[in-house]
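Visitor: Have a look at this fold, sequence not included:
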């Protein structure tokens, strides 16, 4: 039976918050060493793309609400989770954004955070947010081991089973980095007064036939890309327990703010599960809109690479593609053939996978699993369309930022 987290512990509130985001870790690859230490929920990622999902985790808002879609967008202001005046706030992205100074690291820049911190730099009360490389490609290796994601997949292009094994190995590597933080809190006698959250920004496709043989994330919206874990631990919570109700990544910010400050900011889409349960009829959503300006023969064209929204419950979901079908087919065919994950897609493809790729990309609506709500009902939970606000803050990416984004497979 689902219940509020505070009813599972004698702790009414906490002094400290630790949120650890393991990039691209899907729910069915959650290491048991994490699950056995807390209360584990299955959740729906707010987006399948880091640039739009991370700010959803810090704000409690869907991408269509906060308006951050790409790495050159910014939130309107620093979210309350990262802007308390009466406590210390730390943000760490050292394992994924290795080649950039702190102020230029995209997750910090998007959230208007200028300084990077480690846990040992912070004294209670504090909030500590970690964006970890997780099992993001190159699977099983640090970013420095290959010049780019594409080079990694060129080396392992024929070996889908080994790619899955390396991905799982990286899930455990990321879990170990989290457990080092867990153990340091124990050593400092802070675990009881700290609510810890282990989660991910999105999942990952690993060449599944029904996803068109796709490796990576961003597209398509499908269970492998949207189902993520959220594990709550510390704060006197029980261990090895499951949370029955489906959650969303946007529930993290209101939950920890309710536990730490007994307040939830206005204008959020998420629900706190610290003092109450989310509404039973709620349907978590995923929004993604990847776009770029393309210049051809001196003409600039705004191209939508992939755009979609989806609505889910415990048994399945409905996916709705947005924008131009022709642009989507052109952009994703090019993406799968020639960009970072391209070598693995080309070498592991088949006529059956090509059929699924075409059917997924050309469809305007797809159903996964057996959701107990209709397509028409699902549409009532989705935004009318995606757009860029005229007053949305933006930044001009530096050459170094573009270089690392290209290495990670985010930019061409």
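Guide: Noted; the coordinates are in hand. It should be emphasised that the depicted structure is a prediction, and the values quoted were computed from it without experimental measurement.
Visitor: Please count neighbours and contacts with C-alpha atoms only from this point.
Guide: OK.
Visitor: so who does the closest residue to residue 5 other than its chain neighbours touch?
Guide: Nearest residue to residue 5 in three dimensions, chain neighbours excluded: residue 274, at 4.7 Å (CA to CA, 6 or more residues apart in numbering). For residue 274, the contact set (CA atoms under 8 Å, 6 or more residues apart in numbering) comprises 4-6, 255-256, 258-259.
Visitor: Now residue 161: which helix or strand?
Guide: Assessed by DSSP states H and E, residue 161 sits inside helix 160-187.
Visitor: For residue 12, list the residues it contacts.
Guide: Each residue near residue 12 by CA under 8 Å, 6+ apart is listed here: 6, 259.
Visitor: Touching, residue 340 and residue 147? I think so.
Guide: No: Residue 340 is beyond contact range of residue 147, at 11.1 Å (criterion: CA atoms under 8 Å).
Visitor: the more surrounded of these two?
Guide: Ranked by neighbour count (other CA atoms under 10 Å), residue 340 and residue 147 place residue 340 first, with 27 against 14.
Visitor: any idea which helix or strand carries the more buried one?
Guide: Following DSSP H and E, one finds residue 340 outside all helices and strands.
Visitor: got a pLDDT number for the spatially most central residue of the chain?
Guide: Among the residues of the chain, the one closest to the centroid is residue 201, at 1.3 Å (CA atoms, centre = their mean). What the model reports as pLDDT for residue 201 is 98.
Visitor: correct me, but residue 152 touches residue 138?
Guide: Yes: judged on CA under 8 Å, residue 152 makes contact with residue 138 at a distance of 6.0 Å.
Visitor: Need the overlap of contacts for the two.
Guide: Residues touching both residue 152 and residue 138 by CA under 8 Å, 6+ apart: residue 146.
Visitor: who has more neighbours, the two?
Guide: Neighbour count, other CA under 10 Å: between residue 152 and residue 138, residue 138 has more, with 27 against 21.
Visitor: ranges for the helices of the stretch 251-400 of the chain?
Guide: Listed in chain order, the helices of the stretch 251-400 of the chain (DSSP state H, counting those that start in this stretch) span 252-261, 325-338, 342-347, 351-362, 375-379, 399-407.
Visitor: Tell me the gap between stretch 338-349 and the middle of its chain.
Guide: Mean-position distance between stretch 338-349 and its chain equals 23 Å (CA atoms, centre = their mean, to the nearest Å).
Visitor: Could you work out the end-to-end span of that stretch for me?
Guide: End-to-end span of stretch 338-349 (CA to CA, to the nearest Å): 14 Å.
Visitor: what pLDDT, on average, does that stretch get?
Guide: For stretch 338-349, the per-residue pLDDT averages 85.
Visitor: Would you mark the buried spots in the longest strand along the chain?
Guide: Ranked by residue count and defined by DSSP state E, the top strand of the chain is strand 299-313. Using 16 or more other CA atoms under 10 Å as the burial criterion, the residues of strand 299-313 that qualify are 303-313.
Visitor: what separates the residue nearest to residue 5 from residue 377, distance-wise?
Guide: From residue 274 across to residue 377, the span is 28 Å (CA to CA).
Visitor: What of residue 289?
Guide: According to CA to CA, residue 289 stands 22 Å off from residue 377.
Visitor: hmm, back to that, just give me the least confident of the buried residues of strand 299-313.
Guide: On pLDDT alone, residue 303 ranks lowest of the buried residues of strand 299-313, at 82.
Visitor: ok, it - contacts?
Guide: 291-294, 327.
Visitor: for this protein, where's the lowest mean pLDDT among helices and strands?
Guide: Here the helix or strand of the chain ranked lowest by mean pLDDT, DSSP states H and E is helix 399-407, holding a mean of 61.
Visitor: With neighbour numbers in mind, choose between residue 289 and residue 377.
Guide: The neighbour count for residue 289 versus residue 377, taken as other CA under 10 Å, is higher for residue 289 (26 against 11).
Visitor: how close does the more buried one get to residue 355?
Guide: 24 Å.
Visitor: Repeat that for residue 116.
Guide: Counting by CA to CA, the gap from residue 116 to residue 355 is 46 Å.
Visitor: now residue 269
Guide: Residue 269 is 37 Å from residue 355, by CA to CA.
Visitor: which residues of the protein score low on pLDDT?
Guide: Counting by pLDDT under 70, the chain contains low-confidence ranges at 1, 157-158, 294-300, 390-391, 396-397, 399-412.
Visitor: the strands in it, which residues?
Guide: Using DSSP E, the strands of the chain run over residues 16-22, 39-44, 88-92, 126-132, 194-199, 205-206, 215-216, 227-234, 241-248, 285-296, 299-313, 316-321, 365-369.
Visitor: re the thing from before, closest to residue 359 among the contacts of residue 274?
Guide: residue 255 (38.5 Å; CA to CA).
Visitor: got the contact list for the closest one?
Guide: If a contact means CA under 8 Å, 6+ apart, then residue 255 has 271-274 as its contacts.
Visitor: Relative to residue 27, which of those is nearest.
Guide: Nearest to residue 27 among the contacts of residue 255: residue 273, at 19.2 Å, using CA to CA.
Visitor: And for that closest one, the neighbour number?
Guide: The number of residues near residue 273, taken as other CA under 10 Å, comes to 21.
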